[in-house]
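**Student:** Sharing a model prediction with you, sequence too.
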Amino acid sequence: PAQYFHLLRRQMHGGEDRRGMRKPLIVMTPKSLLRHLKATSTLNDLTSGGFREIIGDTNMMAADEVRRVLLTSGKIYYELEARKQKDDRDDVAIVRIEQLAPLPKRRLGATLDQYPNAREFRWVQEEPANQGAWPFIALNLPEHLGGRSLLRVSRKASASPAVGSQAVHERQQREVVA
């Protein structure tokens with residue numbers, strides 16, 4: 001909630017370009033996060049700070065022990081975080097990219113630099129490979145990884161965003177999160 005509030009506030013107080021024209025703001029967020037128990041904010045979160053384009057891993061861990069960095073956006077973060085805690089993984093960091101365009105390159109670089117021993121970077125999305133943010137990320141993110149490769153974790157490419165079967169969807173979702 002605080003992220004959304006600060007995003008709207010930023011748009012109203014600084015959403016103009018050099019010519020004084022208001023830039024468009026496009027927000028894509030699922031309704032399910034309105035009910036998610038972990039998607040909450042404190043009063044302090046709402047009254048101080050601002051919109052964070054990049055949110056690094058919020059768990060206390062030794063950054064030099066991180067070997068894999070998962071980059072993601074959206075509600076799948078909560079499933080990845082739950083799986084990480086369940087598996088007690090201290091060698092994995094989850095970084096949320098909250099603003100896709102324009103990609104906040106400096107902040108992203110500074111966040112990724114916190115994990116000097118990370119050798120594996122993966123973009124994780126629940127959408128099929130040819131949908132969601134992956135096509136954009138695949139073109140714009142690799143140059144900021146210092147020569148390290150970026151792998152995709154998602155459903156296989158599909159003409160449709162939905163498989164049409166709840167059972168198949170749940171199985172695919174478990175495979176992506178795993």
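**Tutor:** Sure, I can see it. Keep in mind that this is a model prediction, so the values were computed, not measured.
**Student:** Could you use CA atoms for every contact and neighbour count after this?
**Tutor:** Will do.
**Student:** How confident was the prediction at Asp45?
**Tutor:** Confidence at Asp45, expressed as pLDDT, is 92.
**Student:** got it, and Arg18?
**Tutor:** Confidence score, pLDDT, at Arg18: 68.
**Student:** Need the phi and psi values for Ala82.
**Tutor:** Note on Ala82: its backbone torsions stand at phi -60, psi -40 [degrees, to the nearest 10].
**Student:** State which strand of this structure is the longest.
**Tutor:** The residue-count maximum for a strand in the chain (DSSP state E) belongs to strand 120-128.
**Student:** pLDDT (mean, whole number) over that strand?
**Tutor:** Strand 120-128 comes out at a mean pLDDT of 95.
**Student:** low-confidence ranges in the chain?
**Tutor:** Under the criterion pLDDT under 70, the flagged ranges of the chain are 15-18.
**Student:** that older thread, enumerate residues external to the longest strand of the chain that contact any of its residues.
**Tutor:** Residues outside strand 120-128 that contact it (C-alpha atoms under 8 Å, 6 or more residues apart in numbering): 67-73, 76, 132-134, 148-158, 161, 173, 176.
**Student:** Quick one, which of the residues you listed are buried?
**Tutor:** Among these, those buried by neighbour count (16 or more other C-alpha atoms under 10 Å) are 67-73, 76, 133-134, 150, 152-155, 173, 176.
**Student:** Filter the residues you listed down to just the ones in helices.
**Tutor:** Residues from those lying in helices, with DSSP state H as the criterion: 76, 134, 173, 176.
**Student:** any idea how far Val153 is from the second one?
**Tutor:** Using C-alpha to C-alpha, to the nearest Å, we find Trp134 at a distance of 9 Å from Val153.
**Student:** Likewise for the third one?
**Tutor:** To Val153, Gln173 is 11 Å away according to C-alpha to C-alpha.
**Student:** Repeat that for Thr42.
**Tutor:** To Val153, Thr42 is 32 Å away according to C-alpha to C-alpha.
**Student:** can you give me the strands for this protein?
**Tutor:** Listed in chain order, the strands of the chain (DSSP E) span 54-55, 68-72, 92-97, 120-128, 150-155.
**Student:** With adjacent residues omitted, what lies nearest to Tyr4?
**Tutor:** Leaving aside its chain neighbours, Tyr4 sits nearest to Phe51 (7.7 Å; criterion: C-alpha to C-alpha, 6 or more residues apart in numbering).
**Student:** I'm done for today, thanks for sticking with me.
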